[in-house]
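[1] Sequence and computational prediction follow.
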Amino acid sequence: MTYHFSKTIDMRFDDAVVCTKEALKRHKLTVLSEIDMKDTLKKAINIDFHPYLILGVCNPQLTYRALQAEDKIGAMLPCNIVLQQRDDGRVEISAVDPVASMQAITHVVVDQVAREIRSHLQRLIDEIGNATEPAGARKIGKRLR
């Protein structure tokens, strides 16, 4: 079992971030945190790194269900989505597989929630990847301008 799923898209990094945040809203996922690793690494250890953004996301209703079932589940939250610019200029978007990351927790409700969130994240990644296909790219490009 892999711990993530990814797609590489033909889109500028900043546009990919906007597109991802729009898709998150459509899938009822809330951004709880944003970590700009390029900026963090530059400030902390003076390293020049490629654009790399970590979005910590959750679905409040599903998170609440999981917290009711297992109060320590917060140690596994939020679910992370990573956007990073590759050497060829394209952007890779990756999401954690919550089923894989939470497999150590043996609770039926937590498993159900993890599977539901996995479904949202997989659809989100596919949607963004498909939106950058030739017909979809024109549609997204117009919306972002």
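    Right, received. Where do you want to start?

[2] Going by C-alpha atoms from here, please, whenever you check contacts or count neighbours.
    Noted.

[3] for the residue minimising distance to the centre of the chain, what are its contacts?
    Nearest to the geometric centre of the chain sits residue 81, at 2.2 Å (Cα atoms, centre = their mean). By Cα atoms under 8 Å, 6 or more residues apart in numbering, residue 81 lies in contact with 54-57, 93-96.

[4] The same query, at a cut-off of 7 Å, please.
    54-56, 94-96 (Cα atoms under 7 Å, 6 or more residues apart in numbering).

[5] Could you save the residues you listed as JSON lines and add columns showing distance to residue 39?
    Listed next are these as JSON lines, based on distance: Cα to Cα, whole Å:
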{"residue": "54", "distance to residue 39": "12"}
{"residue": "55", "distance to residue 39": "14"}
{"residue": "56", "distance to residue 39": "17"}
{"residue": "94", "distance to residue 39": "20"}
{"residue": "95", "distance to residue 39": "21"}
{"residue": "96", "distance to residue 39": "22"}
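
[6] hmm, back to that, work out for me the element the residue nearest to the centre of the chain sits within.
    strand 79-85 (DSSP states H and E).

[7] Neighbouring strands - and their directions - for that strand?
    strand 52-58 (antiparallel), strand 91-96 (antiparallel) (DSSP bridges).

[8] Those: which one's closest to residue 105?
    The closest of these to residue 105 is strand 91-96. By Cα to Cα, the value is 16.1 Å.

[9] Need the residues that contact the helix or strand following that closest one.
    Toward the C-terminus, strand 91-96 is succeeded by helix 98-101 as the next helix or strand (DSSP H and E). If you take Cα under 7 Å, 6+ apart as the criterion, helix 98-101 is touched by 1, 3, 79, 111, 114-115, 117-118.
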